[in-house]
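# here you go, sequence then predicted model.
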Amino acid sequence: MVRLEAWAVEGIAEIVGGTDLGALLCGLDLNEGDVVLVTSKIVSKSEGRVRAGDREEAIRHETVRVVAQRGATMIVENHLGMVVAAAGVDASNVTPGHVVLLPTDPDASALALRERVHEQTGQNVAVVITDTAGRAWRLGQTDLAVGAAGIDPLDDHAGRTDSYGNALVVTAPAVADELASLAELVTGKLGGRPVTVVRGLGHRVLPSGDHGPGAPALIRRRDEDMFALGAREAVIAAVRGRDGDCFGTPAQPEEMLRALDSCGLPGSVEGISVRVQLPGGDVRDEVAAVERVRLVAHAHRWRPFSDITSPDERGDHVTISPTAP
């Protein structure tokens with residue numbers, strides 16, 4: 001039986017630039033195999049990641065790619081590769097007129113804290129740095145891991161079987177995120193308790209010196225992300241013929257045919273390509289049909305390699321093929 005204990009550390013003073021978080025953790029009553037969870041807010045404050053000025057400007061500075069935007073709300077990919085609201089820039093629990101940015105390298109911060117605890121106390125613990133984020137399909141926010149050392153953040157069950165003998169293929173509990181959510185339950189948002197200790201998961205804590213792959217192991221690759229762009233942004237990306245990696249790997253021919261058929265562009269598979277019969281009519285109709293083919297193809301990571309562009313070049317098809325990786 002696995003029994004967990006989780007508690008928030010009381011009495012932590014205000015964290016400012018230069019605060020020694022390592023000394024703070026070393027002063028805790030830690031046991032071998034504990035998991036220590038620290039909010040990114042105090043890590044950022046201690047590392048001088050507090051900025052005076054406009055929040056919108058800070059978001060723009062931290063943004064690598066806009067995923068979706070509706071009015072003032074922006075979902076973006078930040079410099080850490082995370083897709084989050086407002087690039088992770090936070091204006092709460094900080095002096096008015098200032099914002100807090102995420103740590104520059106949360107994994108390195110977690111690793112340094114872990115090694116400091118081991119060096120000074122002899123205890124082998126794991127350290128997870130947490131932050132709050134929303135979820136695409138559900139209301140509300142939960143905490144997740146932005147940095148980790150000493151624990152495998154993802155427990156991949158691929159190759160195992162369940163109690164019925166069924167092979168597991170995609171099951172992979174996000175252990176570090178689950179721990180971050182547990183920590184948020186005991187710390188609360190307004191309690192001023194930014195450090196949590198979880199006891200009872202020593203079997204998940206890696207040996208000293210083995211820090212694991214870090215929190216980036218939880219980030220889905222862009223070409224595997226079925227929601228790499230917002231709905232409006234995906235339309236714009238298709239129209240301008242860019243951001244192809246946001247549409248994932250090339251669709252199978254059958255899927256491509258179904259998409260073309262749904263747009264009134266029936267086609268037929270010939271080898272590894274799709275041949276699309278254009279509707280009759282004047283050249284304007286044919287060019288419009290070619291453009292529809294191009295848009296549908298781009299969204300499925302396919303490309304047309306012969307187009308009808310003038311009456312003198314009229315034909316009855318446009319040939320498309322999967323885009324080379």
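Noted; the coordinates are in hand. Numbers count the residues shown, from 1 in each chain.
# can you show me the strands along the protein?
With strands called from DSSP state E, the chain shows them at 5-8, 35-39, 50-52, 63-70, 73-78, 83-85, 98-100, 126-135, 138-149, 195-199, 267-270, 273-277, 302-304, 317-322.
# just want the angle from the second one to strand 195-199.
Right, the one you point to is strand 35-39. For the pair strand 35-39 and strand 195-199, the angle between their directions (axes from the mean of the first three to the mean of the last three C-alpha atoms, to 10 degrees) equals 160 degrees.
# try the fourth one
Going by the same axes, to 10 degrees, strand 63-70 is angled at 90 degrees with respect to strand 195-199.
# just give the strands next to strand 63-70 in its sheet, each with its orientation.
Strands adjacent to strand 63-70 in the sheet, as given by DSSP bridges, are strand 73-78 (antiparallel).
# give the rounded mean pLDDT of the partner strand.
The predicted model gives strand 73-78 an average pLDDT of 95.
# hang on, the earlier thing: figure out which of the strands of the chain is closest to residue 26.
Set against residue 26 and scored by C-beta to C-beta, the strands of the chain come closest in strand 35-39, at 10.6 Å. C-beta coordinates here come from the backbone N, C-alpha and C atoms, glycine included.
# which helices and strands does the closest one pack with?
Strand 35-39 makes packing contacts with helix 21-26, helix 106-121, strand 126-135, helix 175-187, strand 195-199 when contacts are defined by 3 or more C-beta pairs under 8 Å, 6 or more residues apart in numbering; DSSP states H and E.
# 6 Å - rerun?
The elements that strand 35-39 packs onto, with contact taken as 3 or more C-beta pairs under 6 Å, 6 or more residues apart in numbering; DSSP states H and E, are strand 126-135, strand 195-199.
# out of these, which is the most enclosed?
Mean neighbour counts were taken over those using mean count of other C-beta atoms under 10 Å, and the top value, a mean of 23, falls to strand 126-135.
# what distance separates that strand from the middle of the whole chain?
On the basis of C-alpha atoms, centre = their mean, to the nearest Å, strand 126-135 sits 12 Å off its chain's mean C-alpha point.
# give me the nearest residue to residue 237, chain neighbours excluded.
Taking C-beta to C-beta, 6 or more residues apart in numbering, and ignoring the residues beside it in sequence, residue 237 has residue 243 as its nearest neighbour in space, at 4.0 Å.
# against residue 37, how distant is that neighbour?
Taking C-beta to C-beta, to the nearest Å as the measure, residue 243 and residue 37 are separated by 35 Å.
# where in the stretch 151-300 of the chain is pLDDT low?
By pLDDT under 70, the weakly predicted segments of the stretch 151-300 of the chain are 270-273, 275, 277-283.
# for it, just list every one of the helices.
Taking DSSP state H, counting those that start in this stretch as the test, the helices found in the stretch 151-300 of the chain are 175-187, 231-240, 253-262, 283-299.
# which of those sits most buried?
In terms of average neighbour count - mean count of other C-beta under 10 Å - the standout among the helices of the stretch 151-300 of the chain is helix 175-187, at a mean of 21.
# angle of that one against strand 126-135?
Using the same axes, to 10 degrees, one finds that helix 175-187 and strand 126-135 are set 80 degrees apart in direction.
# domain parsing for this structure?
Residue ranges for the structural domains of the chain, counted by automatic domain parsing, are given in the record as 5-49+102-219, 250-322.
# just to revisit the earlier point, between residue 243 and residue 37, which one's more packed in?
The residue with more neighbours, out of residue 243 and residue 37, is residue 37; 29 against 17, by other C-beta atoms under 10 Å.
# list the contacts for the residue lying closest to that one once chain neighbours are set aside?
Counting by C-beta to C-beta, 6+ apart, the nearest residue to residue 37 once its immediate chain neighbours are dropped is residue 183, at 3.9 Å. Remark: with contacts taken as C-beta atoms under 6 Å, 6 or more residues apart in numbering, residue 183 is in contact with 37, 130, 196.
# which one among those residues gets closest to residue 286?
Relative to residue 286, and with distances defined as C-beta to C-beta, the nearest of the contacts of residue 183 is residue 130, at 56.2 Å.
# any idea how far the nearest residue to that closest one once chain neighbours are set aside is from residue 171?
Residue nearest to residue 130 in three dimensions, not counting chain neighbours: residue 180, with 4.0 Å by C-beta to C-beta, 6+ apart. According to C-beta to C-beta, residue 180 and residue 171 sit 20 Å apart.
# equivalent analysis for residue 22, please.
The separation that residue 22 has from residue 171, given C-beta to C-beta, amounts to 36 Å.
# so between the two, which is more surrounded?
Relative neighbour count places residue 22 above the other of residue 22 and residue 171, with 17 against 11, counting by other C-beta under 10 Å.
# quick one, grab the pLDDT at the residue lying closest to that one once chain neighbours are set aside.
Distances taken as C-beta to C-beta, 6+ apart place residue 116 nearest to residue 22, at 3.6 Å, with adjacent residues excluded. Per-residue pLDDT puts residue 116 at 98.
# with residue 305 instead?
On the pLDDT scale, residue 305 is placed at 69.
# excluding its backbone neighbours, what's nearest residue 135?
residue 142 (7.0 Å).
# alright, that wraps it up for me.
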